[in-house]
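Colleague: Fold the stuff below for me.
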Amino acid sequence: MTVTMHTPCSTYLLRTFISSPARCLRSSARPARRSLSSCATTVPIRLAASSLPPANSSSSRLAHGPRRTFFTTSSTRAAHAQHPPGQHAQLVSYPSPSSIRQQDEDADEPDIDFVPPEEAVLELTDRAAEQLRAVAQREGNPDAALRVAVESGGCHGYQYKLELARSKEPDDYHFSHPLIKPSNIYVDAVSMSLLKGSTIDFATELIGSSFRVVDNPQAKGSGCGCGVSWELKL
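Modeller: The predicted structure follows:
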């Protein structure tokens with residue numbers, strides 16, 4: 001048996017190539033399955049991305065909370081921050097003019113101007129009085145007090161000195177809160193003329209808590225950035 005093989009001529013092959021439709025070489029079954037699987041994985045990703053709200057939308061702001069802005073202030077502003085109104089402190093006792101004259105005889109002491117009781121005025125906030133009462137209770141001494149003094153020095157000429165005192169001196173002005181007791185404040189006769197009209201407050205901040213002298217009518221401007229040194233108003 002003889003088998004005859006026919007080899008197509010070039011003209012036949014050319015006609016077949018022209019007449020047959022164009023086919024993509026990647027249209028086989030395996031690539032098609034890969035295309036479907038890739039679509040199945042990319043569609044959810046596209047939907048998840050499109051479902052996210054814009055960065056500046058209200059829902060995004062609610063999700064992440066309100067934007068917080070922080071400001072830094074100088075020590076002077078912190079020292080003279082908003083404080084509750086002070087109560088007119090009660091003048092418990094004050095030195096006599098004779099004791100003031102005795103102080104003048106000491107050559108080491110500066111000239112002392114006696115401040116009459118009607119001009120010896122201090123304001124004391126409630127929170128400062130509560131701290132003073134806590135100090136007295138902790139010390140077990142009802143005479144424990146905050147001594148407020150003015151010293152020469154600092155970058156502006158004068159500076160405050162606040163310290164705990166266990167007893168009153170003969171030349172001290174003794175102040176107390178009218179309602180919260182014991183809440184003692186001692187001011188010496190030399191410092192009284194430089195402190196009259198001031199407010200004693202207790203401030204709580206991130207760096208610590210302390211008593212402060214604020215709203216001193218004898219001080220010029222806001223004072224030094226340290227919050228302690230100040231310039232006398234002439």
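Colleague: which regions of this structure lie under the pLDDT threshold?
Modeller: 1-83, 102-111, 154-156, 221-228 (pLDDT under 70).
Colleague: Go again with 50.
Modeller: Scanning the chain for pLDDT under 50 picks out 3, 14, 17, 24-29, 31-51, 60-62, 68-80, 107.
Colleague: quick one: the strands in it?
Modeller: Ranges of strands in the chain, per DSSP state E, are 87-88, 90-93, 123-124, 145-152, 158-165, 172-176, 184-188, 199-205, 208-214, 219-220, 229-232.
Colleague: packing partners for the third one?
Modeller: Read it as strand 123-124. strand 87-88, strand 199-205 (3 or more C-beta pairs under 8 Å, 6 or more residues apart in numbering; DSSP states H and E). Glycine gets a C-beta too; all of them are placed from N, C-alpha and C.
Colleague: What residues sit buried inside stretch 124-137?
Modeller: 124-129, 131-133, 135-136 (16 or more other C-beta atoms under 10 Å).
Colleague: what's the farthest-apart pair in these?
Modeller: Spatial extent of the buried residues of stretch 124-137 (C-beta to C-beta) is set by the pair T125 and A136 at 16.8 Å.
Colleague: And the helices in the chain, which stretches?
Modeller: 10-19, 29-51, 58-64, 75-79, 97-104, 126-139, 189-195 (DSSP state H).
Colleague: A165 pairs with what?
Modeller: Per DSSP bridges, the residues bridged to A165 are A145.
Colleague: From G157, how far out is it?
Modeller: Counting by C-beta to C-beta, to the nearest Å, the separation of A165 from G157 is 25 Å.
Colleague: more crowded one of the two?
Modeller: Between A165 and G157, A165 has the larger neighbour count (other C-beta atoms under 10 Å), namely 17 against 13.
Colleague: is it true that the more buried one touches D188?
Modeller: No. Contact between A165 and D188 fails when scored by C-beta atoms under 8 Å: they sit 10.2 Å apart.
Colleague: list residues touching both of these two?
Modeller: Here A165 and D188 have R147 as joint contacts, going by C-beta atoms under 8 Å, 6 or more residues apart in numbering.
Colleague: residues contacting the nearest residue to L234 once chain neighbours are set aside?
Modeller: Leaving out its chain neighbours, the residue that sits closest to L234 by C-beta to C-beta, 6 or more residues apart in numbering is K220, at 7.7 Å. If you count contacts by C-beta under 8 Å, 6+ apart, K220 has them with 230-234.
Colleague: Out of the residues you listed, which comes closest to K161?
Modeller: Closest to K161, out of all of the contacts of K220 and judged by C-beta to C-beta, is W230, at 12.3 Å.
Colleague: That closest one: neighbour count?
Modeller: Around W230 there are 26 residues (other C-beta under 10 Å).
Colleague: Same question for S210.
Modeller: Neighbour number of S210 under other C-beta under 10 Å is 14.
Colleague: Which strand residues bridge it?
Modeller: A203.
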